[in-house]
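Trainee: Quick one, what's the 3D model for this:
(chains A, B, C and D)
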Number of protein chains: 2
Amino acid sequence: MARGRGDAGPMRRGRNGQDAESIKFGPLEYWVGFNLRMAQDATFDAFSRRSKDVGEKPGRFSTLVLIARNPGISQTELSLANGRDKSSLTPVLEDLVRRGLVERKRVRSDRRAYRLNLTPSGKATLAQLMRCARRHERNLDRIIGARDRKRFLAALKRIAAEID
Amino acid sequence: MARGRGDAGPMRRGRNGQDAESIKFGPLEYWVGFNLRMAQDATFDAFSRRSKDVGEKPGRFSTLVLIARNPGISQTELSLANGRDKSSLTPVLEDLVRRGLVERKRVRSDRRAYRLNLTPSGKATLAQLMRCARRHERNLDRIIGARDRKRFLAALKRIAAEID
DNA sequence: AAGATATAGTTTGATATCCAACTATCGGCA
DNA sequence: TGCCGATAGTTGGATATCAAACTATATCTT
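Mentor: Numbering: from 1, shown residues only, chains lettered A, B, ... in the order given. Coordinates of the predicted model:
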């Protein structure tokens, strides 16, 4: 995690290369794909910094929310909802269970599956992360502007749903 | 690469878990951060599929554009422009040079640095990728809508630039 | 009921990425 | 001139991720 260029301090020029500020982006400048990536990287980094105080990796957040909102969810359902492969979830849950944030119970009627639930400790951690997330979202609101926010969100949802 | 949930076929219900369609997203539903991630994952996957025919990894595209637009750029400048750590670039350039798409010359006046340029073969590959990218962008335009596109792009740029 | 097919979760192997430490070189300054 | 802090690029160690193969269990079909 924590991608991105970091401090954005004053960029230097190589005598031979171009000034870093004068880099030409060509079509990347106005293409949605590239700018979506840059925006996503930036928000991810910003949230990482915020949630670092809670001592939780940023990827854990949506996982915890989804378990909280869907008690007894299975790993496969969780991975689908979260947009990650189920195999990515194995080490994450191992860690969350080991640290006592998530409880994993075998299902009696289907002994292949687990049911996931938050422990009290998991709920407490999630509450802290929620505070980070609300600040983060307020910040994003400020940048996007209240007027555009709804449209912006709707566009993101359409992209995720409709792109082939 | 190629993340995301794949085919979005009919989702099953575990008798015990919830219907996959009935998963509750809670605040994730209307939070920009989560939806930005989902949209970015989806566009990334879509572009991967398109560019697979060209036989090029999707991450290579912005790299090639930036070299084409900034002949003689250094690796550090490239990594800054591309929003990735310079160390990530080492294996990428190794590969691009080995396959004859990029030419890497030592700078005489500064023997630590390289200058990067596209070879004719690199330009040809880039031209193919540009065709993929244009189709990809047309698709995104269709989804976002011509009316919102400008605002959407502006919001993405503001996010990348202003988030702390 | 037996065999075939599907599903839940894990394991394995690959890639992309970060950060920190490293090597070589540069540039300034005493 | 000779050292010292900055810079270019690489290396090494870590994490996140995916896809495919695997194990165990479940369900369907005949």
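Trainee: Give me the nearest residue to residue A:76, chain neighbours excluded.
Mentor: residue A:86 (5.2 Å; CB to CB, 6 or more residues apart in numbering or on different chains). Where C-beta positions appear, they are placed from N, C-alpha and C, glycine not excepted.
Trainee: same deal with residue A:58?
Mentor: For residue A:58, ignoring the flanking residues on the chain, the nearest one in space by CB to CB, 6+ apart is residue A:48 at 4.5 Å.
Trainee: element containing the one you found, please.
Mentor: In the assignment (DSSP states H and E), residue A:48 maps to helix A:32-52.
Trainee: Packing partners of that helix?
Mentor: Using 3 or more CB pairs under 8 Å, 6 or more residues apart in numbering or on different chains; DSSP states H and E as the contact criterion, the neighbours of helix A:32-52 among helices and strands are helix A:120-144, helix B:32-52, helix B:120-144, helix B:146-162.
Trainee: Quickly check: the first one near DNA strand D or not.
Mentor: No - for helix A:120-144, no contact with DNA strand D is found by CB under 7 Å from any atom of the strand; the gap never falls below 14.3 Å.
Trainee: ok and that helix relative to helix B:146-162, angle-wise?
Mentor: Angle of helix A:120-144 versus helix B:146-162, following axes from the mean of the first three to the mean of the last three CA atoms, to 10 degrees, is 110 degrees.
Trainee: what distance separates helix A:120-144 from the middle of the whole chain?
Mentor: Mean-position distance between helix A:120-144 and its chain equals 12 Å (CA atoms, centre = their mean, to the nearest Å).
Trainee: Mind giving me the packing neighbours of it?
Mentor: When contacts are defined as 3+ CB pairs under 8 Å, 6+ apart, helix A:120-144 sits against helix A:32-52, helix A:60-69, helix B:32-52, helix B:146-162.
Trainee: Mean neighbour count for the ones you listed - can I get that in CSV?
Mentor: Supplementary listing: these in CSV, determined by neighbours: other CB atoms under 10 Å in any protein chain shown:
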stretch, mean neighbour count
helix A:32-52, 21
helix A:60-69, 22
helix B:32-52, 21
helix B:146-162, 17
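Trainee: would you turn those helices into a markdown table with distance to DNA strand C?
Mentor: Formatted as a markdown table, the helices and strands packed on helix A:120-144 follow (distance: least, CB to the nearest atom of the strand, whole Å):
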| stretch | distance to DNA strand C |
| --- | --- |
| helix A:32-52 | 7 |
| helix A:60-69 | 12 |
| helix B:32-52 | 9 |
| helix B:146-162 | 13 |
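Trainee: want to throw those helices into TSV with distance to residue A:142?
Mentor: Below are those laid out as TSV (distance: least, CB to CB, whole Å):
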stretch	distance to residue A:142
helix A:32-52	12
helix A:60-69	20
helix B:32-52	11
helix B:146-162	9
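Trainee: Residue B:62: which of those is closest?
Mentor: When these are compared for distance to residue B:62 using CB to CB, the nearest one is helix A:32-52, at 5.9 Å.
Trainee: what about that closest one, average pLDDT?
Mentor: Per-residue confidence for helix A:32-52 averages out to 95 on the pLDDT scale.
Trainee: What of stretch A:67-82?
Mentor: So the average pLDDT for stretch A:67-82 ends up being 97.
Trainee: mind listing what's buried in that stretch?
Mentor: By neighbour count, and taking 16 or more other CB atoms under 10 Å in any protein chain shown as the criterion, the buried residues in stretch A:67-82 are A:67-70, A:72-82.
Trainee: From those residues, pick the one nearest DNA strand D.
Mentor: Among the buried residues of stretch A:67-82, residue A:79 lies closest to DNA strand D (CB to the nearest atom of the strand), at 7.3 Å.
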